[in-house]
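Chemist: got a sequence here, can you build the structure:
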Amino acid sequence: MQRTVAEGRGPVRYGPPAPQPGLPVLPELLSVLASAAGRAAPEAPGGGLPLREAACRHWGRRGLATDPENVAAGPGAPALLLALLGAFGGDVMLPRPCPAWWTPQVRLLGRRAYHVPTPAECGGVPDPYALLETVRRVRAEGGDPRVLLVSVADDPTATVPPPEMLREACEAADAAGLFVVSDESWRDTVHRPYDTLVLSPAEMLPEQAAVLLDLSGALLPAGWPAAVLRFPDTGRGTWLRARTLDVLTATGALVAGPVAGAAAHALDEPDAVAGRAHKAATLHGTVAAAAHRTLLEAGALARPPEAGRHLYADLSPLRAGLARHGVGDAMELEDWLGARLGAPTPGGQRFADELGALRVRLSTGPLLGATPEERLAALTARDPLALPYVRRSLDLLGSVLAGLA
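Modeler: Sure thing, here's the model as predicted:
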C-alpha cells in the first residue's frame, strides 16, 4: 500500500493488498515448484487437466462434486473475476463493505457497481431485503443488475455468514434473477473449523452460482498467483465457461507452468500443506481474538473475527479523541493509525464503506513479529501471545487506542 505525495492517495495500484500470513514458504511446496522450474511449455488457457482435476478433488472434499470441464484456472482471483464479469455482462451488486479489489474490477469493464449494506450479524453478504429493494430501484432507473458477488469468509470483516443469513441472501438473489459469484478464497482460514459452519451458495443455488478460489488465501504464497473458478454444470455454465476462456486467452491470463504444478499439489492438501494451513489459521485466530479484546477494552467496536488474517474495527466511539489529532474520516484515520502502528491500516473507504465512518482493517500478520523467523516461531509456539514481540505489538495497539479516551 505504497504511494507518493505527488500521486495522491486514491489510485487502485496503491490499494491495500490482501492480508498475508508472513510465514516462510512451506519446504514441500518449494520442492514441487523447483522440480517443475525447467518446464518450458505454457499452461493451457483455463488450466491444464491435472490442475483442474486437483480443484475438483478439493471441492469434492467440501461437498461440491465437480467435473474438470466445469473448471477454469487463472493467475489469481482478479484475473478470473475480470474474465467472468467480462463474459457475463450487466451491472454488479456487491455487499458494503467488500474486498478492496472487487469494485475496480467492475468499473474497469465499464459496468456499474451497486453496494448493498450487510446485515448487523456479519459481512460478506447483502441484507436480503435491502438487496431486493436496491435491485428494484436500479432497474426502475434503467440499470441492468445481473450478478451478485458474495464472500463466505469475508475480507474485510473477517466474519462467516451464518447459514440462515447466506440462505436468505441466496433466496433474494434467486428472486431478483441474479447470478451469484461466491469468493471462497478465505474459506480454509476459518479460525475454529469445527465450530464454524461454512456453506457455499453453490450448494443452495447449484444452477446459478459460480465459486471462486484464490489459492493465496490458505494454500500458496501470494507471489505464486493461481486461482480456480467452478461453473454450474448447466448449459448456461458451459456457455459462460467458454466465454470466460475466450477472455483469459485474449488477455494472456495463464497460470505459469511451474506454479500450476505447485497449485495442483496444494489443492490435493497433503499432510504438510493441510497442517500448515490449519496451524496458520489457528495462530491468526488466536492473535485476532487478542486484538479484538484490545479494541473492545479501548471502547472501539468490531465483530468477533472468525476467519482470515485480519479484523475490521470501528473507531467511531473514539471520534472525539481522534478529532483532537485532526482525524475526521476513514482516509485520515488510515494515515494516522498506520503511522503509529508501523503497519498498513487501510480505511473503510478502501472497501466501499462510508468515508465518514471511522473504520479500518487491521492485519494480524504484522503482530506476529518483524522477521519470517519470528513469525515461524509464533506458528510453533504453545502460547504465541506469550512471545515478547507479539505481546509488544498488542500492547502498542492498546496504548495507541488508550490515548484516544
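
Chemist: pretty sure residue 199 is touching residue 153, no?
Modeler: No. Contact between residue 199 and residue 153 fails when scored by Cβ atoms under 8 Å: they sit 10.8 Å apart. (Each C-beta comes from the backbone N, C-alpha and C, glycine too.)

Chemist: those two - which one has more neighbours?
Modeler: The neighbour comparison of residue 199 against residue 153 (other Cβ atoms under 10 Å) goes to residue 153, with 27 against 19.

Chemist: enumerate every residue touching the more buried one.
Modeler: Contact analysis of residue 153 by Cβ atoms under 8 Å, 6 or more residues apart in numbering lists 124, 160, 184-187, 189-190, 198, 306-308.

Chemist: residues contacting residue 374?
Modeler: Shown in contact with residue 374 (Cβ under 8 Å, 6+ apart): 368, 387, 389.

Chemist: correct me if wrong: the first one contacts residue 20.
Modeler: Going back to what we said before, that points to residue 368. No. Between residue 368 and residue 20 there is no contact under Cβ under 8 Å: 10.5 Å.

Chemist: can you list the weak-confidence ranges in the stretch 301-405 of the chain?
Modeler: Within the stretch 301-405 of the chain, no range satisfies pLDDT under 70.

Chemist: one step back: sort out for me which of the contacts of residue 153 are in strands.
Modeler: Using DSSP state E, no member of these falls in strands.

Chemist: ok, the most centrally placed residue in the chain - contacts?
Modeler: The C-alpha lying nearest the average C-alpha coordinate of the chain belongs to residue 155 (Cα atoms, centre = their mean; 4.4 Å). By Cβ under 8 Å, 6+ apart, residue 155 lies in contact with 18-19, 99, 186, 308, 310, 361.

Chemist: 10 Å instead?
Modeler: Residue 155 makes contacts with 16, 18-19, 97-102, 123-124, 183, 185-186, 189, 217, 307-310, 312, 351, 361, as judged by Cβ atoms under 10 Å, 6 or more residues apart in numbering.

Chemist: out of these, which are buried?
Modeler: Among those, those scoring as buried are 16, 18-19, 97-102, 123-124, 183, 185-186, 189, 217, 307-310, 312, 351, 361 (criterion: 16 or more other Cβ atoms under 10 Å).

Chemist: list the contacts of residue 312.
Modeler: So residue 312 contacts 97, 123, 154-159, 301-303, 305, 348, 351, 353, 359-362 (Cβ under 10 Å, 6+ apart).

Chemist: what's the burial count for residue 378?
Modeler: Using other Cβ under 10 Å, residue 378 has 23 neighbouring residues.

Chemist: what's downstream of the strand or helix carrying it, the next helix or strand?
Modeler: Using DSSP states H and E, residue 378 sits in helix 372-380. Remark: after helix 372-380, the chain's next helix or strand is helix 388-402, criterion DSSP H and E.
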